[in-house]
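Undergrad: predicted model follows, preceded by the sequence.
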Amino acid sequence: MNSEQDVLLKVDNLKKYFPIKGGVFGKKTLQYVKAVDDISFEVKRGETFGIVGESGCGKSTAGRTIMRLLEPTGGDIYFESKNLANLDKTQMRKIRKDIQIVFQDPFASLNPRMRVFDIIEEPLINFGVTDRQERVRRVHEVADQVGLTLAQLKRLPHEFSGGQRQRIGIARALISKPKLIIADEPVSALDVSIQSQVLNLMKDLQKEFGLTYIFISHDLSVVKHFCDRIGVMYLGKMVEIAGKHELYGRPLHPYAEALLSALPSSHPLNKKERIILTGDVPSPANPPSGCTFHPRCFSCMDICKTVKPTLLEVENNHQVSCHLYQDTGIVENNPQDSPLLYQEAGVEIR
Amino acid sequence: MVSKIMEVKNLQVGINHDNRDVAIVNGISFHLNKGETLGIVGESGCGKSMTSLSLMGLLPPGVRWQDGDIQVDKLQFKNFKNKDWRKVRGKKISMIFQEPMSSLNPVYTVGDQIMEMVLNHENVSKKLARVRALEMLHLVGIPRPNQVLDEYPHQLSGGMRQRIMIAIALSCNPEILIADEPTTALDVTIQAQILELMKKIQNQLHMSIVLITHDLGVVAEMCDRVVVMYAGEIVEVAQIVNLFDSPKHPYTQGLLKSLPDINVQKEYLSSIPGVVPAPGNMPIGCRFAPRCPMAHERCKEAPPLLTTSDGSEVQCWLYDDGAEKEEIR
């Protein structure tokens, strides 16, 4: 298959800086919060790409910038080879039919004064489906797909539980028949028993409609379960991108390693050695020099304090942005050699 | 021999709705042993937070203590007045809350807030209280404690604020610490720090902890015994290993199965169908029956808490058949 065709979304050096205003009239820009700082990744058609990271790492901003709910400061977003960053408002509106978003908080993202039917129908009106019969048919169809009954369509959002509301949010995203759905923490406000219902539903829909997901979450076990490839973000940067088996089997970046080891164990007898990071995430307005992770890193070297690492593919399907791997000169597509080199670089292999 | 430090007997907490008592916590009984960590788990709305608030006498307005008692040492909490509560809070039982952002006072310095507790309970000078506050900051691992003492909560990060909460809670050496979702608002790396800290301090001060959480991972990490709540009732009480190895109640089983496991890859997660019933509209009999895959005729009658062969207590008729399973109440 043609690999160019395979890639649905390609994000190149995407940046989103928020200005911090100051001065007497609040018009002077003092500095910028680099919420998303130069990230690049690809999402293939039909796959689920996960973005994980802690609060404030820029994962939600990344999601919103991709569909231009926030204007990117720089970089390109290629969606089916069209560059979204250059489109004007009208053109972008048309594209949004193909890219939809499901928000985190099902309590805040539904208009409390609209009936569920109207909420789900609204995108169709926006995208110019003028035939009312057709709209009704589509709403009923999609409601059935996400497991809402016809009687429920007449109700208001407050009459629903969190899991049900998230179904409404998914139905609203689904009705314009999108190719890509950006799911921004879709299950983190839900209880575990409901969380699994929604995840299963999303998986079913993906199979049925061949959807592509960008799944943004802070919950590492949910991401492992749900995603095919995963990008780990820290302070606005992608520090590691890998297939889920590669990432969870052997995280390369010290931050990814610490993040995975911080996860509570799933069984009381199965206590593991922990890497406990010291300190907190620094402020994105004033990030540390060099590698932004270096003040908390347990493998920090001198070079990390001054030189920014770049994201390199060190193994097949495994990119990492860390000096530990940049100097070792690991050759691409030669994973047999790499364990030795990691050891030389002072990295423990598990 | 383990001794009980706290006993909750038939606690019923609820609201008055349309001149009718609606129970949010419906007659639960459990105990806390000295030095142990007891987990209370359940989903939102199961009554776990109301249980913890009643242990501190902090029930919100409109919510009433309807029945039952809580006993710590020789104290019976049932008929406590405000001034009795004040003697107990912080001194005997302390609590840390979920939101370190909103549970600290933004207009007082960190030092003032720790000293307030010490000055309330102990007959010491302000100077000594300040020294004590500094010690507490050391204990909870705050970097540059001397400066932080004079800083305001907004200057600190979430993890640091939770450490301050813990410092305040522990400043008068309470025997019992109630932690209501202490790490839910925090990131995983910070959560690991705070859990580690709680374990360390528990060993140092020989405290008993009641840990309220919805996160079974945190439970596996921290607890010795676990109480599982569903819809205002206790459905299972078990030793931690038994809970994970052989969960008894269908609800506990469903809950454990619906967790994605990082070591196991499967296509679909199993889930519990339906939703938690609302208080005031509870099913008759077993409250889990409408969502239970094993429900049968007998579940129309409320099951008692039964003891199983490995010592777990479970409120389910499925465990009422063998001779070795006797009724305890």
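TA: In hand now; what should we look at?
Undergrad: any low-confidence regions in chain B?
TA: Applying pLDDT under 70 to chain B flags residues B:1, B:321-329.
Undergrad: contact partners for the residue in the stretch 151-300 of chain A that chain B sits nearest to?
TA: For the stretch 151-300 of chain A and chain B, the shortest gap (Cβ to the nearest Cβ) falls at A:Pro264, measuring 3.0 Å. (Each C-beta comes from the backbone N, C-alpha and C, glycine too.) Contacts of A:Pro264 were listed using Cβ atoms under 8 Å, 6 or more residues apart in numbering or on different chains, and they are B:191-192, B:195, B:215, B:217-218, B:220-221.
Undergrad: ignoring the adjacent residues along the chain, who's closest to it?
TA: Using Cβ to Cβ, 6 or more residues apart in numbering or on different chains and skipping the chain neighbours, the partner closest in space to A:Pro264 is B:Gly217 (3.0 Å).
Undergrad: could you pull out the helices for the stretch 51-200 of chain A?
TA: A:59-66, A:89-95, A:116-126, A:132-146, A:162-174, A:192-209 (DSSP state H, counting those that start in this stretch).
Undergrad: now distance to A:Phe226, mean pLDDT and mean neighbour count too, for these, in CSV please.
TA: Compiled in CSV, the helices of the stretch 51-200 of chain A are given as follows (distance: least, Cβ to Cβ, whole Å; pLDDT from 0 to 100; neighbours: other Cβ atoms under 10 Å in any protein chain shown):
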stretch, distance to A:Phe226, mean pLDDT, mean neighbour count
helix A:59-66, 15, 92, 24
helix A:89-95, 25, 89, 11
helix A:116-126, 24, 93, 19
helix A:132-146, 17, 93, 16
helix A:162-174, 14, 91, 24
helix A:192-209, 6, 90, 20
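Undergrad: skip ahead from the helix or strand hosting A:Glu313 and say which helix or strand is next.
TA: Taking DSSP states H and E as the criterion, A:Glu313 maps to strand A:312-315. Downstream of strand A:312-315, the first helix or strand assigned by DSSP H and E is strand A:318-320.
Undergrad: partner strands of that following strand, with direction?
TA: Using DSSP bridges, the strands paired with strand A:318-320 in its sheet are strand A:237-243 (antiparallel), strand A:312-315 (antiparallel).
Undergrad: quick revisit: I'd say the residue nearest to A:Pro264 and A:Pro268 touch.
TA: No: under the criterion of Cβ atoms under 8 Å, B:Gly217 is not in contact with A:Pro268, lying 10.3 Å apart.
Undergrad: show me what from the stretch 1-150 of chain A comes close to chain B.
TA: Contact residues (Cβ under 8 Å from any Cβ of the partner chain) of the stretch 1-150 of chain A with chain B: A:54-55.
Undergrad: can you give me the strands in the stretch 1-150 of chain A?
TA: Secondary structure of the stretch 1-150 of chain A (DSSP state E, counting those that start in this stretch): strands at A:7-22, A:28-44, A:48-52, A:74-79, A:82-83, A:99-102.
Undergrad: tell me the most buried of those?
TA: Of the strands of the stretch 1-150 of chain A, the one with the most neighbours on average (mean count of other Cβ atoms under 10 Å in any protein chain shown) is strand A:48-52, at a mean of 25.
Undergrad: pLDDT averaged over that one - what is it?
TA: Across strand A:48-52, pLDDT averages out at 95.
Undergrad: do you know how far B:Arg20 is from B:Glu236?
TA: 29 Å (Cβ to Cβ, to the nearest Å).
Undergrad: just A:Val314 next, same as before
TA: According to Cβ to Cβ, A:Val314 and B:Glu236 sit 47 Å apart.
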